[in-house]
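Engineer: Predicted model follows, preceded by the sequence.
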Amino acid sequence: MDINRRKFLKAGGVLALGLSIAPAKSVLAGVKGKYAPGPNALTAKNWAMVVDMNKLEKDVEACTMACHKEHNVPNIDNKKEEVKWIWTDKYGHLFHDNKHDFMNKEMEHRHFLALCNQCENPVCVRVCPTKATFKNKEGIIMMDYHRCIGCRYCMAGCPYGARSFNFKDPRPYIEEINPNYPTRTKGVVEKCNFCSERLAKGLLPACVEASTNGGLVFGDLDDPNSEVRKVLDTQFTVQRKPSLGTKPKVFYIL
Amino acid sequence: MMYNSRNIIIGLIIFVGIFTFPFVLGAGKANEAPKLSLDTPKINELIKKEPIETVEFMRNNHMQLLSDWKVAVVRDGNRVYVSQKDGQEYDMSLQNTCLDCHSNKEQFCDACHTYAEVEPNCWDCHVAPEVIR
């Protein structure tokens, strides 16, 4: 075979190119399998909740306990450093705009349930510099803890106090770790996720399950036939701080 | 003509000595590959002792696989992984799936990571089996 210098150099060039690309193959190969949602997953376009305080009454404690156990939320007995996904507070704090000096005393002292409002217009999502907080395709405001840098802009932005910062390692403050859900770590912000991990398995949120008397109603706001829409259609409901324009998706019957 | 040839030679010997010192010290202590234990209840139950993709793929790409799982679950809301190898379905979870089979994390993941000097921070949050034990 006759091979001149020109051909030899060309072949060498091709070979060098091949060798330099080869290592990239294993990277580009990446993941091969396919992804799918769980077979029993509960899905919706826009998850929402109605809190019926008249029916909830005695279940308030059970709801918060169920949630915090499920998600390994630490129990830190210190207002400044506490971590909460769902909690109770007085009317004056939660429904600030509608408070007046001649409130019914029972109303004023009652403990109302509060959780992340999963806003239609979430401030936290807008201010997060890393997109760690985002709205998923089912309308849930999610935390991607892997991306949280702990800047706490979201805490400053949230008008509902629904976010907590981990000032210290939460693990020593978790009574019994639920092995099926990760804890968080010092330096990240956390919040309620409408139990997206339970919905994926076909289960209702832990708090809804714990409200035995139907005090918490959960469903798709975009589906006119859903449970929440039925309640919203027939009863008078309010939202927390509606004047801010965040459009909360947690509604209250007081 | 020769200037200080003695000093130069001594200097050279010292230089070579210092330069090769780490190699001499490490001689004979060849880094043994870590022994990975597959002796866990879940793996012993398997009819075919195979990982979710080929062993080669797992060895080379498990970090990328986990990273892709995390995005698929947290951001896209997909929870099921369908293996390309055999169509088998898995719940995409670090602590509930990988560590269900590899429940001996210390003798498997950690053994190799110590050898390779990698320290994933995942266990700050994801609950490792030794935390429950």
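Structural biologist: Great, that's in hand. Nothing here was measured: the structure is a model prediction, and the numbers come from that model. Residues are numbered from 1 along each chain as shown, chains lettered A, B, ... in the order given.
Engineer: So for A:C124, what's the nearest residue that isn't a sequence neighbour?
Structural biologist: Nearest non-adjacent residue to A:C124, counting by Cβ to Cβ, 6 or more residues apart in numbering or on different chains: A:C154, 3.8 Å away. All C-beta spots, glycine's among them, are computed from the backbone N, C-alpha and C.
Engineer: residue contacts, the one you found?
Structural biologist: Shown in contact with A:C154 (Cβ atoms under 8 Å, 6 or more residues apart in numbering or on different chains): A:123-124, A:127-128, A:133, A:163, A:189.
Engineer: redo that, cut-off 10 Å
Structural biologist: Counting by Cβ atoms under 10 Å, 6 or more residues apart in numbering or on different chains, A:C154 touches A:122-129, A:132-133, A:141, A:143, A:148, A:162-163, A:165, A:189, A:191.
Engineer: Check A:T88 too.
Structural biologist: A:T88 neighbours (Cβ under 10 Å, 6+ apart): A:60-61, A:63-64, A:94, A:110-114.
Engineer: of these, buried ones?
Structural biologist: Buried residues within the contacts of A:T88, defined by neighbour count using 16 or more other Cβ atoms under 10 Å in any protein chain shown: A:60, A:63-64, A:94, A:112-114.
Engineer: could these go into a markdown table alongside pLDDT?
Structural biologist: Converted to a markdown table, the buried ones among the contacts of A:T88 look like this (pLDDT from 0 to 100):
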| residue | pLDDT |
| --- | --- |
| A:V60 | 94 |
| A:C63 | 97 |
| A:T64 | 97 |
| A:L94 | 94 |
| A:F112 | 95 |
| A:L113 | 97 |
| A:A114 | 97 |
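Engineer: what's the closest residue in space to A:V238 that isn't next to it in sequence sitting at in phi/psi?
Structural biologist: With Cβ to Cβ, 6+ apart as the criterion, A:V238 has its nearest non-adjacent residue at 5.2 Å, and that residue is A:Y252. The phi/psi pair for A:Y252 (degrees, to the nearest 10) reads phi -120, psi 140.
Engineer: remind me, longest helix of the chain?
Structural biologist: In the absence of a named chain, this looks at chain A. Determined from DSSP state H, the single longest helix within chain A is helix A:5-29.
Engineer: nope, chain B please
Structural biologist: With DSSP H as the criterion, chain B gives helix B:5-26 as its longest helix.
Engineer: tell me the mean pLDDT over that one?
Structural biologist: Summarised as a single mean, pLDDT over helix B:5-26 is 80.
Engineer: Let me know the next secondary structure element after it.
Structural biologist: As assigned by DSSP states H and E, the chain's next helix or strand after helix B:5-26 is helix B:41-45.
Engineer: neighbouring contacts of that next one?
Structural biologist: B:37-38, B:49-51, B:99-104, B:108.
Engineer: Give the buried residues for whichever helix or strand comes after that helix.
Structural biologist: With elements assigned by DSSP H and E, the helix or strand that comes after helix B:41-45 is helix B:55-70. Using 16+ other Cβ under 10 Å as the test for burial, helix B:55-70 gives B:57, B:61-62, B:65-66, B:68-70.
Engineer: Worst mean pLDDT across the helices and strands of chain B, which element?
Structural biologist: The helix or strand of chain B with the poorest confidence is helix B:5-26; it has a mean of 80 (mean pLDDT, DSSP states H and E).
Engineer: Tell me how far it lies from the chain's centre.
Structural biologist: 36 Å (Cα atoms, centre = their mean, to the nearest Å).
Engineer: Same question for stretch A:59-73.
Structural biologist: With Cα atoms, centre = their mean, you get 15 Å for stretch A:59-73.
Engineer: now do stretch A:114-121
Structural biologist: The answer for stretch A:114-121 is 9 Å, by Cα atoms, centre = their mean.
Engineer: same question, stretch B:87-102
Structural biologist: The answer for stretch B:87-102 is 18 Å, by Cα atoms, centre = their mean.
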